[in-house]
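[1] structural data only, the sequence is not supplied:
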């Protein structure tokens, strides 16, 4: 907001500093906090880093369903039983290094993420690994990964560096969410008039979601989102999706949120920026490329160059 945002609008900046979308919700979710939270967590990018309490690297050379980590022995015993039943349980790779994650149950339940969801994401990105993990109902949510790479027992530092690189990549893997949407915030400032069972009109807080990041075309397809009432503060995104008239209206709304001057002056500015069927910046690269005469152009910028 303020002067930086005003400069972005006047210069028609393509890469905004704080892009955001405002999502209105349909009647099924508008008055239900549980539904609103469900939409919120479905659109937010959730990475493994967001739900992991800890990540450790162990030298655990015994591959025969044994471990130096006492808390993991029950997990390996169960895995040993399922290797003879489930074809998806593959033989553990012959590598001494183990990457061990401990996940936060509350965060996973809040976002409705299961251990199998994490497994599917990891195995799609790292096919050369074997995963052993506890059940969703276990007292601790443990996830063990053994990777298949050429380990050198005489150069343990090199192996640890390799594991650290892999660890960073795994922590940044996205489990769910929509690209470019880092966070979504619940806004309850709107008030709706609704008819109750008796027939009287009462006021109810209408919730909407405001995102950090912009991807309007994907967000409009999300369940319980009312696509007819969604908008963006990115003028160029609106222009690409809905055309110049919609972009002009967003420009008008954004200017009115920043500066408090007569409405007619802002309308004239928005008309000048969009009258060519595209968004023109208010500088020598935009307005001065229009069809105005030389005297009008030289009164704006580069007076000497225009007169020459």
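    Perfect, thanks for sending it. Model, not experiment: these values are computed from the prediction.

[2] show me where this protein has its strands.
    Assigned strands in the chain, in chain order: 21-24, 46-47, 52-59, 97-103, 129-133, 141-147, 174-176, 183-195, 201-212, 231-232 (criterion: DSSP state E).

[3] now those in a markdown table, with mean neighbour count?
    Heads up, the C-betas are built off the backbone N, CA and C, glycines and all. Conversion of the strands of the chain to a markdown table gives the following (neighbours: other CB atoms under 10 Å):
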| stretch | mean neighbour count |
| --- | --- |
| strand 21-24 | 22 |
| strand 46-47 | 18 |
| strand 52-59 | 14 |
| strand 97-103 | 20 |
| strand 129-133 | 20 |
| strand 141-147 | 21 |
| strand 174-176 | 16 |
| strand 183-195 | 13 |
| strand 201-212 | 16 |
| strand 231-232 | 21 |
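
[4] dump the ones you listed into TSV; add mean pLDDT and distance to residue 67 as well.
    Shown next, in TSV, are these (pLDDT from 0 to 100; distance: least, CB to CB, whole Å):
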stretch	mean pLDDT	distance to residue 67
strand 21-24	93	46
strand 46-47	94	27
strand 52-59	91	8
strand 97-103	91	8
strand 129-133	85	9
strand 141-147	89	8
strand 174-176	94	26
strand 183-195	79	37
strand 201-212	85	41
strand 231-232	94	50
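
[5] quick check: which of those is nearest to residue 79?
    Taking CB to CB, strand 129-133 is the member of these nearest to residue 79, at 4.9 Å.

[6] next, the angle from that closest one to strand 97-103.
    If you take axes from the mean of the first three to the mean of the last three CA atoms, to 10 degrees, strand 129-133 sits at 40 degrees to strand 97-103.

[7] what sits up against strand 129-133?
    With CB atoms under 8 Å, 6 or more residues apart in numbering as the test, strand 129-133 has contacts from 72, 75-76, 79, 90-93, 115, 118-119, 122-123, 141-148.

[8] contact partners for residue 78?
    residue 135.

[9] distance-wise, check it relative to residue 145.
    17 Å (CB to CB, to the nearest Å).

[10] also residue 109?
    22 Å.

[11] one more: residue 50?
    Residue 50 sits 18 Å away from residue 145, going by CB to CB.

[12] which non-adjacent residue is nearest residue 254?
    Among residues not flanking residue 254 along the chain, residue 9 sits closest, at 5.7 Å (CB to CB, 6 or more residues apart in numbering).

[13] that neighbour reaches residue 255, doesn't it?
    Yes. The criterion here is CB atoms under 8 Å, and residue 9 meets it with residue 255 at 6.5 Å.

[14] check the gap between the residue nearest to residue 254 and residue 281 for me.
    9 Å.
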